[in-house]
Each structure stands twice: as C-alpha cells, then as structure tokens.
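Participant: Just the structure for this:
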Amino acid sequence: MPALAPHPTKYWHRLEDGRVQCDLCPRFCRLHDGQRGFCFVRGAEGGEIVLLTYGRSSGFCVDPIEKKPLAHFLPGTPVLSFGTAGCNLGCKFCQNWDISKSKETDTLADEASPRRIAEAAKALRCRSVAFTYNDPVIFHEYAIDVAKECRALGIRTVAVTAGEVCPEPRVEFYRHMDAANVDLKAFTERFYREICAGHLEPVKDTLRYLKRETSVWFEITTLLIPGQNDGDDEIDALSRFVREDLGPDVPLHFTAFHPDWRMMDTPPTPPRTLTRARKIAIGNGLRYVYTGNVHDPLGQATYCHGCGVVLIGRSGYDITEWRLRGGRCTSCGAPCAGVFEDEPGTWGSRRMPVKL
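Facilitator: Presented below is the predicted three-dimensional model:
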C-alpha cells in the first residue's frame, strides 16, 4: 500500500522556539518537525501541521442509525459508518481501542476519496454517513470534505464525537454536519483527567454551542462505569445540566460498560444502574432518556411527552411501533423533537461491512 500523503491543515501557528502548535483541540500539542501529536494522525512537517491519514479509513460498514446512537434522527435508516486511526483522548475504557489507539498505518486498510464515499453511500441507499469508531475531530479536513460531497448528493452526515475541540474549528466543522452524538463521558473533571486524559469544560462548551448556535440535531451518550461515574449525585448533576443548559428535548442515552482495554478488572454495568439513572434524569425534566447496551424495550422506547403513548417502540435496533406523523404524536398531536419522516426506515439491526 502506498504511503499516506500529508494533507495541509490551517489550525496551527508557529512558536518562537521553532516548534509548531496544533490549535485544533484543547490539547495544543507543540511539535518539532517529524513529531506527531497525541492523536498520532496530525504531525509537524516542513514547519506546518499536516493530517497524515487523509483519504484512508479503518473500514466501512452499513449500520442502523440507532447504533450511533441516534434515536430521533431518521429512525430505522441505514448509515454508512467509518473512522480512521488515532484519537485525541486516552480513555482507559475505549471499546474501539484497536482503532483509536492504533499507531500503525496498516490499520488504515481502506482508501477512499470523499467523492467515492458519498457515491458509495448513495449506491448503498444509506441516508447518511457517520464519522465514528474514533473521533472525527482529529480528521477534521477529511470529514468536512466527505460532508461536502455527501450534501451535494443529498446524503446527510453524522459526527460521533467526544466534543473536545477548539472554538474556531468547531464552528467550521459543524457548519457541514447534520447530526451528532456527543459523548459526555462523566460530569467531573477528575474523571476526565484521570480516566480520559482530557477535560470536561470543552465538552460542555461544545454542547452549548450545538444547542445555541447551530441547527445540528444532537443527542448525548454517557457510558456508566461502576464506581467511576454512576453515583446518584453525579447523574443528578449531569441531567440537570442537560435540562437547564440545553433543554428538555435533548435525548440522553445511558449505556452499559463492559470490561475493555485498560479497565478489564472493572465489572460490567448492572442493568438496574441504567434504570436508576434514567429515572433520575426523567425526574429532572428530560423528556427522552434511553438505556443502551442492554435488552430493555421500556427504556429504549420513545414516549410522547403530552399523553405518554409509545411513539417509537424498539427491540434492540429494530423498530416495533410507530405513532408519528409530521413529527407529531398521532394520538394527541404533541410534537416530538427530532428529524423524522412520516414512515420509519426498515433497515433493522443488520450490520453489513463493505469494501469501497
């Protein structure tokens, strides 16, 4: 496979000591020529910061949109998913660590131009393309170019992200996105610092920005890890932040942890923890709270906030009930926040790896 060609970037500046500082994310890596940043895919070459993985992916797969997870964005439709190598966080519980922590270019097995990805999504009858598996923040330029090509063909784009990005590139990035799922990994700075090698405040800023400054549809996911971020007080504070800063209509997903990478000794999340978290968040005024990574039809259904009827019933990623028309409850007419069509898609729970 030919070597990856460096791709120019614009969020950086030169320092007086001869190094170059990357200004894409709050990590602000300061690099000498030949060095790579924490994410490993952006590096210093020729006195500039370049993207070293433009045009290469760790693989493509057609997924249900609910897997991202997005419960209120074109339910039941297929999404073409892909990622690259690297990540700008260091989460000890990462479930895609073989991709996100990869420092081997052979992880990037699939080569595809932005145009080719958009055309493949169209041919596969995907309604959207998702940047996922690792954080699209680090392949900012590639993701934006893919989004431009998708928009030209009527394909929407979805960012699955941890939200650790600086304000200026954040504006440019979300100008081209249609939807996002943001990982709000916990609600303490300790957790972000010790478990993720990151910070909480930039994520909160991204969430506020999405709500107040964009039309991007977004949902939030919090993976609950026993003994780390699953206490009542923290769940209460997190859900109050969502309600007070973002509003009652932002969907919140509580998902179950399973042992992985550097947290193999931590037990899986009991289903009752997710049920408890959901109850707390609903008690704080959130209308759409979901459980994930467990079998829980009650916790995965969408309910009308007006009359309480099930608007969207789910079993895993399969839609079992549908009572929406024009984005409103067919029983009482109350609106349901999201991006809906009159009928759901029929993709179901299928996962289909593809070669472009």
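Participant: from here on, contacts and neighbour counts on C-alpha atoms
Facilitator: Noted.
Participant: Could you give the bridge partners of residue 339?
Facilitator: On DSSP bridges, the residues paired with residue 339 through beta bridges are residue 73.
Participant: OK, contacts around it?
Facilitator: By C-alpha atoms under 8 Å, 6 or more residues apart in numbering, residue 339 lies in contact with 72, 73, 74, 217, 327.
Participant: Lowest mean pLDDT among the helices and strands of this structure, which one is it?
Facilitator: The weakest-scoring helix or strand in the chain, judged by mean pLDDT, DSSP states H and E, is helix 97-100 (a mean of 51).
Participant: C-terminal to that helix, what's the next element?
Facilitator: Later in the chain than helix 97-100, the nearest helix or strand by DSSP states H and E is strand 110-111.
Participant: For that next one, which strands pair with it and how are they oriented?
Facilitator: Strand 110-111 has these strand partners (DSSP bridges): strand 56-57 (antiparallel).
Participant: same for the helix or strand following the strand it pairs with, what does it pack against?
Facilitator: For strand 56-57, the succeeding helix or strand toward the C-terminus, using DSSP H and E, is strand 60-64. Of the remaining helices and strands, those touching strand 60-64 by 3 or more C-alpha pairs under 8 Å, 6 or more residues apart in numbering; DSSP states H and E are strand 78-82, strand 352-354.
Participant: how about these, which one is nearest residue 269?
Facilitator: Nearest of the helices and strands packed on strand 60-64 to residue 269, taken as C-alpha to C-alpha: strand 78-82 at 26.4 Å.
Participant: How far away from the center of its chain is that closest one?
Facilitator: 13 Å (C-alpha atoms, centre = their mean, to the nearest Å).
Participant: Skip the chain neighbours and tell me the closest residue to residue 111.
Facilitator: Distance criterion C-alpha to C-alpha, 6 or more residues apart in numbering; nearest residue to residue 111, sequence neighbours excluded, is residue 56 at 4.5 Å.
Participant: I'd say the one you found and residue 84 touch.
Facilitator: Yes. Applying C-alpha atoms under 8 Å, one finds residue 56 in contact with residue 84, separated by 6.7 Å.
Participant: Of the two, which one has the most company?
Facilitator: residue 84 (30 against 22; other C-alpha atoms under 10 Å).
Participant: and the more buried one, how far is that from residue 232?
Facilitator: With distances taken as C-alpha to C-alpha, to the nearest Å, residue 84 is found 36 Å from residue 232.
Participant: likewise residue 313?
Facilitator: With C-alpha to C-alpha as the criterion, residue 313 and residue 232 are 28 Å apart.
Participant: Between these two, which is the more surrounded one?
Facilitator: Taking other C-alpha under 10 Å, residue 313 and residue 232 do not tie; residue 313 has more neighbours (20 against 13).
Participant: domain assignment for this protein?
Facilitator: 7-51, 56-298, 301-346 (automatic domain parsing).
Participant: Mind checking those for the one nearest to residue 355?
Facilitator: Residue 355 lies closest, by C-alpha to C-alpha, to one member of these: domain 56-298, at 6.6 Å.
Participant: Farthest pair within the contacts of residue 339?
Facilitator: 217 and 327 (13.9 Å).
Participant: Overlap in contacts, the two.
Facilitator: Residues touching both residue 217 and residue 327 by C-alpha under 8 Å, 6+ apart: 338, 339.
Participant: excluding its backbone neighbours, what's nearest residue 115?
Facilitator: Leaving aside its chain neighbours, residue 115 sits nearest to residue 149 (5.6 Å; criterion: C-alpha to C-alpha, 6+ apart).
Participant: Then residue 225?
Facilitator: Excluding the flanking residues, the one nearest residue 225 by C-alpha to C-alpha, 6+ apart is residue 257, at 5.6 Å.
Participant: gap between that neighbour and residue 10?
Facilitator: 37 Å.
Participant: Have a look at the two and say which one is more surrounded.
Facilitator: residue 257 (23 against 13).
Participant: tell me the pLDDT at the residue nearest the centre of the chain?
Facilitator: Here the mean C-alpha position of the chain is nearest to the C-alpha of residue 160 (C-alpha atoms, centre = their mean), at a distance of 1.7 Å. The per-residue pLDDT reported for residue 160 equals 98.
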